[in-house]
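1. With the sequence up front, the predicted model follows.
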Amino acid sequence: MALLSDRMREHYARWREDLPAGSRWQDFFRDCPDPNFNAIPANLEIDDNALIWPGRRDAILPGAPREAHVGRAFDGIEPENVRVVVLGQDPYPAIAEATGRAFEDGSWNAGIPPQALAKSLKPLMLAAWATQPDHAGMFRPGGWSQLVGRPKFAFPEPSAYFNALAGEGVLFVNSAWTRTGDEHLAAHRSLWKPVLDYLLKKLAKSDQPMIFLLLGGDAREAFCAADPVCNRSAIVDSGHPRSAEVFKRRNPLERVNLALGELGGAPVRWWSVPPHDAV
């Protein structure tokens, strides 16, 4: 057995190397504090051969998506282009799903039916579809099964879909950037708190419209703990997509676009593929 704090320090002390090469994220995080390895309880141990995911950009874990690494959230987007931050909780519990970008399911491919997607992603994809004209009524419990059952419906490949949203200025990031066993969740969140706080506070100072979409209680708690001072920002608070709470209020992605409009910003094109449904 090894101390979790030692393993995390060994693997992620140089996490900045996983930021996109040549991007402006390197400068953005220049003054960022290190992850708080000392926040991990000293008695937490991990098996010597246990995996920590997502891995590193130059060391993809066995069974992990080919683009999975700890800096994945920052690929394909520059800091000055971020206008929506979607804040989640933790990486997926399966290495095959977790990419390093919040909610992206790296296990999906064209040979797997959409019903097999991660439970957290399905309501988000349903919410994205429902932002289109004439489809708002689809955002409801049971809407996913009805959507994927349509014969002309074509589901976008998640990696390409999330890449397109990055191009729209949407940053998907978790409160905790790494994961081991479920018993370590709080330790991983404490570890990455200084980095997440820095990210949120610096983005909140943007002079362009900035929306923070908080998905779930842990995301809400992490955002409030960071206590960013916002310039032209707004907060959209929502239940976690995995819970029924997300359907108790208006479509969160629609609320994001409304908030952007109130701040003078353009809406996000949440469904970034042409509609395949004639209805």
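-> Done, it's in.
2. so where's the stretch 151-279 of the chain shaky on pLDDT?
-> 152, 273-279 (pLDDT under 70).
3. those helices in it, which residues are they?
-> Assigned by DSSP state H, counting those that start in this stretch, the stretch 151-279 of the chain shows helices spanning 158-167, 185-204, 217-226, 252-262.
4. residues of the longest one that come out buried?
-> Applying a neighbour-count criterion of 16 or more other CB atoms under 10 Å, one finds 185, 187-200, 203-204 buried in helix 185-204. Any C-beta I mention is one placed from the backbone N, CA and C, and that applies to glycine too.
5. can you redo the helices of the stretch 151-279 of the chain as JSON lines with distance to Val70?
-> Below are these laid out as JSON lines (distance: least, CB to CB, whole Å):
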{"stretch": "helix 158-167", "distance to Val70": "16"}
{"stretch": "helix 185-204", "distance to Val70": "9"}
{"stretch": "helix 217-226", "distance to Val70": "17"}
{"stretch": "helix 252-262", "distance to Val70": "26"}
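6. can you tell me which of these comes nearest to Ser175?
-> helix 217-226 (4.0 Å; CB to CB).
7. Can you give the distance of that closest one from its chain's centre?
-> 14 Å (CA atoms, centre = their mean, to the nearest Å).
8. how close does the closest residue to Arg189 other than its chain neighbours get to Asp237?
-> Of all residues not flanking Arg189 in the chain, Ala176 sits nearest, at 4.4 Å (CB to CB, 6 or more residues apart in numbering). For Ala176, the distance to Asp237 equals 19 Å [CB to CB, to the nearest Å].
9. more neighbours, those two?
-> Ala176 (22 against 16; other CB atoms under 10 Å).
10. ok, that one - contacts?
-> Gln89, Asp90, Pro91, Leu185, His188, Arg189, Leu191, Trp192 (CB atoms under 8 Å, 6 or more residues apart in numbering).
11. if I look at it, how far off is Gly149?
-> For Ala176, the distance to Gly149 - CB to CB - is 35 Å.
12. swap in Pro35?
-> 44 Å.
13. okay, those two: which has more neighbours?
-> A direct count of neighbours by other CB under 10 Å for Pro35 and Gly149 places Pro35 higher, at 23 against 10.
14. Give me the distance between the more buried one and Trp129.
-> From Pro35 to Trp129 the distance is 36 Å (CB to CB).
15. Just to check, Gln132 is in contact with Pro267?
-> No. Gln132 is beyond contact range of Pro267, at 11.4 Å (criterion: CB atoms under 8 Å).
16. And the strands in the stretch 1-150 of the chain?
-> 2-3, 45-46, 84-88 (DSSP state E, counting those that start in this stretch).
17. Can you give the strand pairings for the first one, parallel or anti for each?
-> Partners of strand 2-3 in the sheet, by DSSP bridges, are strand 45-46 (antiparallel).
18. what's the strand it pairs with in contact with?
-> Met1, Ala2, Leu3, Leu4, Arg7, Ile52, Thr180, Gly181, His184.
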